[in-house]
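Colleague: fold the following, please.
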Amino acid sequence: MGTQISALDRFTADMRSLSKSYGATVALEDVSLSIRPGEIQALLGENGAGKSTLVKVLSGVVRPDTGRMTLDSAPYRPARLIEARASGVSTAFQELSLVPNLSVAQNFFLPGSLRHAGGLISVERMNDAVTQVLAAYGVTDVAAGATVDSLSLAARQRIEIVRAMYRQPKLLILDEPTGALADVDWLFGLVRRVTQQGTAVLYISHRLAEIRELASSATILRSGRSISTVALNDVSDADIFEMMVGRRATHSLAPSRKPEVRPRVDALVLNDLTGKGFDSVSLRLARGEVLGVAALEGQGQRELFRTLAGQSQPVSGQIVMGGRPVRFKNPAHALTLQGGVAFVAEDRKNEGIFPHLTTAANVTQSVLRRMARCGVISARHEARSIGNVAPQVELERRYLRFRIGNLSGGNQQKALIARALLTGAKTLLLFDPTRGVDVGTKEIIYQAIDRFAEKGGSVLVYSTELAELIRMSDRCLVMYDGKVRADLPREQLDERELVALMTGHAG
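Modeller: Okay, the predicted model is just below:
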């Protein structure tokens with residue numbers, strides 16, 4: 001009789017001494033990581049620490065230069081994503097891998113049950129099959145026949161997660177899976193369910209509270225190297241931060257900026273503004289003020305921001321800037337009126353960056369006309385302009401010449417914030433501006449917002465993280481069912497009260 005090996009004695013995935021370089025840039029250096037069946041292990045590190053590259057290696061998107069990998073003790077060397085999936089490794093990527101112009105069902109493409117006798121794909125059977133899969137994972141509000149680009153980012157995130165899970169993989173990789181989700185309990189329930197079936201889960205997140213609730217251990221990367229694998233019960237958040245960045249944490253989510261006492265001058269006023277998804281919204285945003293918006297997914301906040309950015313038109317009501325009624329024809333027009341409005345969207349991959357251009361070109365995209373002389377961009381003017389904003393978000397000069405698509409999510413987000421600052425707009429609309437970035441980059445973004453407001457700029461900001469809203473906001477609006485239900489000053493901001501209001505209940 002053969003010797004039985006328990007789950008505690010074997011690894012689902014075992015990676016040893018992985019290295020990967022892109023030219024002179026070392027992305028991974030001697031990285032090792034092991035994960036057992038049914039284990040939830042976190043992968044932690046700053047943006048640029050190598051997490052994304054490691055995920056790509058495990059997923060078959062890129063091949064390591066050196067090192068070895070095994071899956072269930074067998075050699076594992078995927079050359080493509082489809083090979084990784086066939087081997088039992090499934091990934092829900094942070095920058096979603098769904099094809100936007102295809103339907104939800106087409107993105108799943110369930111083989112084996114979708115063809116008529118003539119060999120043609122039955123759209124009806126495909127939609128029915130995917131509808132059943134979605135329902136099995138608690139997703140009942142998304143139509144299988146809907147095109148992906150018609151869905152909200154949160155809905156797309158859920159589809160990405162379910163598509164990875166339904167394959168019943170040996171190793172499930174979740175890369176910042178709650179970045180756009182308001183209902184994390186839905187995800188946590190599913191993760192626990194698949195681990196009970198023996199699936200190993202590698203969970204990447206910058207939200208340490210989530211990590212502690214879900215994972216038992218964590219592997220920490222810094223500068224492309226694996227620093228340590230630790231039991232989470234044995235280390236504090238400060239210990240984790242120090243391992244991630246090489247120094248003790250100095251930041252805090254406590255409010256750091258005290259608004260100056262100055263005569264109130266309204267920068268933006270909405271009078272009973274109604275549009276698709278929101279109804280009779282009234283608000284006042286003063287110069288030098290940061291106004292937060294708290295809401296669960298789908299309460300009209302996204303549509304409100306897009307209307308204020310000029311991406312869609314209101315049905316009724318009034319937008320007033322600088323004391324004058326305005327109507328934005330498009331985002332470029334919004335930048336030109338009464339000091340200007342600049343918008344940073346949540347989905348940087350599809351609505352923010354131009355991945356094949358340099359970081360410098362991405363930062364200057366909104367001001368190209370201003371830099372042109374006789375139709376030619378002045379390199380000197382471009383360098384001087386970028387030099388004024390890049391330090392505000394600690395965007396390193398060396399990254400400016402790199403293709404932005406090759407940078408970490410945190411550096412991409414810094415570039416988008418820098419682009420908004422470079423426009424010279426007096427009002428910023430920031431929709432989940434720290435989604436999927438590390439704690440250090442979050443603090444840099446907080447400080448940039450603080451400085452902008454201290455100089456008299458106005459900020460309307462939405463975040464899925466309530467602690468973050470409390471940290472940033474002078475006041476906070478709560479939206480529910482398309483309406484503003486509360487307007488709370490900073491001294492009344494409390495997570496429990498906000499949650500009660502966000503779910504339609506009084507505190």
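Colleague: could you find the closest non-adjacent residue to Leu28?
Modeller: Nearest residue to Leu28, sequence neighbours excluded (CB to CB, 6 or more residues apart in numbering): Lys20, at 4.3 Å. Any C-beta I mention is one placed from the backbone N, CA and C, and that applies to glycine too.
Colleague: was I right to think the one you found contacts Val55?
Modeller: No - taking contacts as CB atoms under 8 Å, Lys20 lies outside contact range of Val55: 11.6 Å.
Colleague: Met472 versus Arg490, what's the distance?
Modeller: Computed with CB to CB, to the nearest Å, the distance linking Arg490 and Met472 is 10 Å.
Colleague: which of those two has more neighbours?
Modeller: Taking other CB atoms under 10 Å, Arg490 and Met472 do not tie; Met472 has more neighbours (28 against 16).
Colleague: that one and Arg125, how far apart?
Modeller: 49 Å.
Colleague: repeat that for Glu289.
Modeller: Between Glu289 and Arg125 the computed distance is 54 Å (CB to CB).
Colleague: likewise for Gly482?
Modeller: Here the criterion is CB to CB. By it, Gly482 lies 36 Å from Arg125.
Colleague: count of residues packed around Ile404?
Modeller: Neighbour count for Ile404, taken as other CB under 10 Å: 24.
Colleague: I'd say it and Phe354 touch.
Modeller: Yes - counting by CB under 8 Å, Phe354 is a contact partner of Ile404 at 7.1 Å.
Colleague: what touches both of these two?
Modeller: Both Ile404 and Phe354 are in contact with Asn362, where contact means CB atoms under 8 Å, 6 or more residues apart in numbering.
Colleague: in the stretch 151-300 of the chain, which spans are strands?
Modeller: With DSSP state E, counting those that start in this stretch, the ranges of strands along the stretch 151-300 of the chain come out as 171-175, 200-204, 217-222, 225-231, 266-275, 278-286, 290-294.
Colleague: Throw the ones you listed into a markdown table and include mean neighbour count, thanks.
Modeller: Output for these, formatted as a markdown table (neighbours: other CB atoms under 10 Å):
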| stretch | mean neighbour count |
| --- | --- |
| strand 171-175 | 25 |
| strand 200-204 | 24 |
| strand 217-222 | 22 |
| strand 225-231 | 16 |
| strand 266-275 | 19 |
| strand 278-286 | 19 |
| strand 290-294 | 26 |
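Colleague: for Ala345, which of those is the nearest?
Modeller: With distances scored as CB to CB, the stretch of these nearest to Ala345 is strand 290-294 (14.4 Å).
Colleague: for the closest one, packing partners?
Modeller: Counting contacts by 3 or more CB pairs under 8 Å, 6 or more residues apart in numbering; DSSP states H and E, strand 290-294 packs against helix 439-454, strand 458-462, helix 466-472, strand 475-480, helix 495-502.
Colleague: go again using 6 Å as the cut-off
Modeller: Strand 290-294 is packed against strand 458-462, helix 466-472, strand 475-480, with contacts defined by 3 or more CB pairs under 6 Å, 6 or more residues apart in numbering; DSSP states H and E.
Colleague: I'd like to check what contacts that strand. Which residues are they?
Modeller: Under the contact criterion CB atoms under 6 Å, 6 or more residues apart in numbering, strand 290-294 has outside partners 285, 301, 453, 459-462, 469, 472-478, 498, 502.
Colleague: residues touching Lys20, list them.
Modeller: Ala27, Leu28, Thr53, Pro64, Asp65.
Colleague: please tell me how far the residue lying closest to Gly189 once chain neighbours are set aside sits from Asn362.
Modeller: Nearest residue to Gly189 in three dimensions, chain neighbours excluded: Gly138, at 7.7 Å (CB to CB, 6+ apart). From Gly138 across to Asn362, the span is 37 Å (CB to CB).
Colleague: comparing these two, which residue is more hemmed in?
Modeller: Set Gly138 next to Asn362 and count neighbours by other CB under 10 Å: Asn362 wins out with 23 against 14.
Colleague: quick one: residues contacting that one.
Modeller: Contacts for Asn362 were tallied using CB under 6 Å, 6+ apart; they are Ile353, Phe354, Ile404, Ala415.
Colleague: residues near the closest residue to Pro331 other than its chain neighbours, how many?
Modeller: Once flanking residues are discounted, Pro331 sits nearest to Gly310: 4.5 Å by CB to CB, 6+ apart. Gly310 is flanked by 21 other residues according to other CB under 10 Å.
Colleague: swap in the one 10 residues further on?
Modeller: By other CB under 10 Å, the residues close to Val320 number 16.
Colleague: next: the one 10 residues further on.
Modeller: Under the neighbour criterion other CB under 10 Å, Asn330 is assigned a count of 12.
Colleague: right, and Glu495 touches Leu466 too?
Modeller: Yes - using CB atoms under 6 Å, Glu495 makes contact with Leu466 at a distance of 4.8 Å.
Colleague: tell me which of these two has more neighbours.
Modeller: For Glu495 and Leu466, the more surrounded residue by other CB under 10 Å is Leu466, and the numbers stand at 19 against 13.
Colleague: now do the contacts for the more buried one.
Modeller: Contacts of Leu466 were listed using CB under 6 Å, 6+ apart, and they are Glu495, Leu498.
Colleague: ok, Asn233 next?
Modeller: Per CB under 6 Å, 6+ apart, neighbours of Asn233: none.
Colleague: circling back: buried members of the contacts of Lys20 into PyMOL, please.
Modeller: Per 16 or more other CB atoms under 10 Å, the buried members of these correspond to this PyMOL selection:
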select buried, resi 27+28+53+64
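Colleague: show me the contacts of Lys20 that map onto helices.
Modeller: Among the contacts of Lys20, the ones falling in helices (DSSP state H) are Thr53.
Colleague: low-scoring stretches of the stretch 351-500 of the chain, by residue?
Modeller: Applying pLDDT under 70 to the stretch 351-500 of the chain flags the ranges 367-379, 381.
Colleague: confidence score at the residue nearest to Gly189?
Modeller: We have a pLDDT of 91 for Gly138.
Colleague: got it, and Ala27?
Modeller: At Ala27, the predicted lDDT confidence score is 87.
Colleague: list the residues that contact the nearest residue to it once chain neighbours are set aside.
Modeller: Distances taken as CB to CB, 6+ apart put Thr53 closest to Ala27, at 4.1 Å, once the chain neighbours are dropped. Neighbouring residues of Thr53 by CB under 6 Å, 6+ apart: Lys20, Ala27, Leu28.
Colleague: recalculate using a threshold of 10 Å.
Modeller: Contacts for Thr53 (CB atoms under 10 Å, 6 or more residues apart in numbering) come out as 18, 20-22, 26-28, 31, 61-62, 64, 221, 224, 408.
Colleague: let me know the closest of these to Ile240.
Modeller: The nearest one, if we look at the contacts of Thr53 relative to Ile240 and count by CB to CB, is Leu221, at 11.8 Å.
Colleague: nearest residue to Gly67 other than its sequence neighbours?
Modeller: Nearest-residue entry for Gly67: Leu18, 3.6 Å, with adjacent residues in sequence omitted and distances by CB to CB, 6+ apart.
Colleague: count of residues packed around that neighbour?
Modeller: When neighbours are counted by other CB under 10 Å, Leu18 registers 25.
Colleague: next one: it, what pLDDT does it get?
Modeller: pLDDT, Leu18: 93.
Colleague: which positions within the helix or strand harbouring it qualify as buried?
Modeller: Leu18 belongs to strand 13-22 when assigned by DSSP states H and E. For strand 13-22, burial by neighbour count (16+ other CB under 10 Å) applies to Ala13, Asp14, Met15, Leu18, Ser19, Lys20.
Colleague: ok, back up a step: between the strands of the stretch 151-300 of the chain, which one is nearest to Asp149?
Modeller: That would be strand 266-275 among the strands of the stretch 151-300 of the chain, by CB to CB, at 19.9 Å.
Colleague: what helices or strands is that closest one leaning on?
Modeller: Based on contacts counted as 3 or more CB pairs under 10 Å, 6 or more residues apart in numbering; DSSP states H and E, the elements that strand 266-275 packs against are strand 278-286, helix 301-308, strand 316-321, strand 324-326, strand 427-431, strand 458-462.
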